[in-house]
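> what's the 3D shape of this:
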Amino acid sequence: GFQTTWRASAAEAETALTAQAYNLVVLDLGLPDGSGLEVLKRLRRVSEVPVIILSARDAELDRVLGLELGADDFIGKPFSPRELAARVKAILKRANRSSAAIEAATADHPNLNRWFELDESRASISFRGRSLALTRYEYLLLKTLLAQPERVFSRAQLMDGAWPDPAASFERSVDTHIKTLRAKLREIDPSVDPIRTHRGLGYSLRTGDAA
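Below is the predicted model:
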């Protein structure tokens, strides 16, 4: 089973999220004191904790807005407890698999620790000892690359790792985010470009083992 806490309002939920770390948040959009989407927006400024949103209105607009703001899944009411539990398990399993992959990668490629430092609790990545000011999608793209250094990811595979709903995005969006991500890395160290472009294939992350 799961150990859970319940909060009845946006204010109570945000206070709890500030005071304690959670593995996953189930957020109802219909809160008595505000919009659940606004809570999600504020949460995503400081945390990448997985979020499932619930809504009595199974409207496309709610679904799209929620996913664009960073929700990991959407469930329309009414729903069965078994469905919610299954989705929670799937998201937690995916998050744990990502964390384990990054730990294994840094063990296999020690120089990754010299180049990058990931703090998942703060949704932060540092490069050469300096924290990167990343957008949500830049953070998730780099995190996906960090999990399997030297692997060539296609644009579609990167979208699967970084976008909650890849169908709502476009492959060229990956190129745009990679471009801005590279610019931020160059601001810290112009002599190094850890991201490799594989023309017609996609992108990979250099380990730095030869640097």
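
> next SSE downstream of the lowest-mean-pLDDT helix or strand in the chain?
Least confident helix or strand, the chain: helix 111-115 with a mean of 64, by mean pLDDT, DSSP states H and E. Downstream of helix 111-115, the next assigned helix or strand under DSSP states H and E is strand 116-119.

> tell me the strands beside that following strand, with direction?
Sheet pairing for strand 116-119, assigned by DSSP bridges, gives strand 124-127 (antiparallel).

> domain parsing for this protein?
10-92, 109-205 (automatic domain parsing).

> end-to-end on the shortest one?
The distance separating the two terminal residues of domain 10-92, taken as CA to CA, to the nearest Å, comes to 23 Å.

> what strand or helix carries the most centrally placed residue in the chain?
With distances taken as CA atoms, centre = their mean, the residue of the chain nearest its centroid is residue 140 (4.5 Å). For residue 140, the host element (DSSP H and E) is helix 136-147.

> now residue 74
With DSSP H and E as the criterion, residue 74 is inside strand 73-76.

> ok, now residue 41?
Assigned by DSSP H and E, residue 41 falls in helix 36-44.

> ok, the residue nearest to the centre of the chain touching residue 161?
Yes. Residue 140 lies in contact with residue 161 (CB atoms under 8 Å); the separation is 6.5 Å. C-beta coordinates here come from the backbone N, C-alpha and C atoms, glycine included.

> about what we covered before: parallel or antiparallel, which strands does the strand holding residue 74 pair with?
strand 51-55 (parallel).

> check which residues of the strand it pairs with are buried.
Buried residues in strand 51-55, counted by 16 or more other CB atoms under 10 Å: 51-55.

> re earlier: how far away is the residue nearest to the centre of the chain from residue 72?
Distance of residue 140 to residue 72, computed by CB to CB, to the nearest Å: 11 Å.

> what's the answer for residue 153, then?
20 Å.

> which residues touch the closest residue to residue 126 other than its chain neighbours?
Excluding the flanking residues, the one nearest residue 126 by CB to CB, 6 or more residues apart in numbering is residue 117, at 4.2 Å. Shown in contact with residue 117 (CB atoms under 8 Å, 6 or more residues apart in numbering): 125-126, 129.

> top of those residues by neighbour count?
Of all the contacts of residue 117, residue 125 has the most neighbours under the rule other CB atoms under 10 Å, reaching 19 neighbours.

> thinking again about what came up before, show me what counts as buried in the next helix or strand after the helix holding residue 140.
Counting by DSSP H and E, the next helix or strand C-terminal to helix 136-147 is helix 155-162. For helix 155-162, the neighbour count (16+ other CB under 10 Å) marks 155, 157-159, 161-162 as buried.

> tell me what helix 155-162 is packed against?
helix 136-147, helix 171-188, strand 202-205 (3 or more CB pairs under 8 Å, 6 or more residues apart in numbering; DSSP states H and E).

> understood, closing this out.
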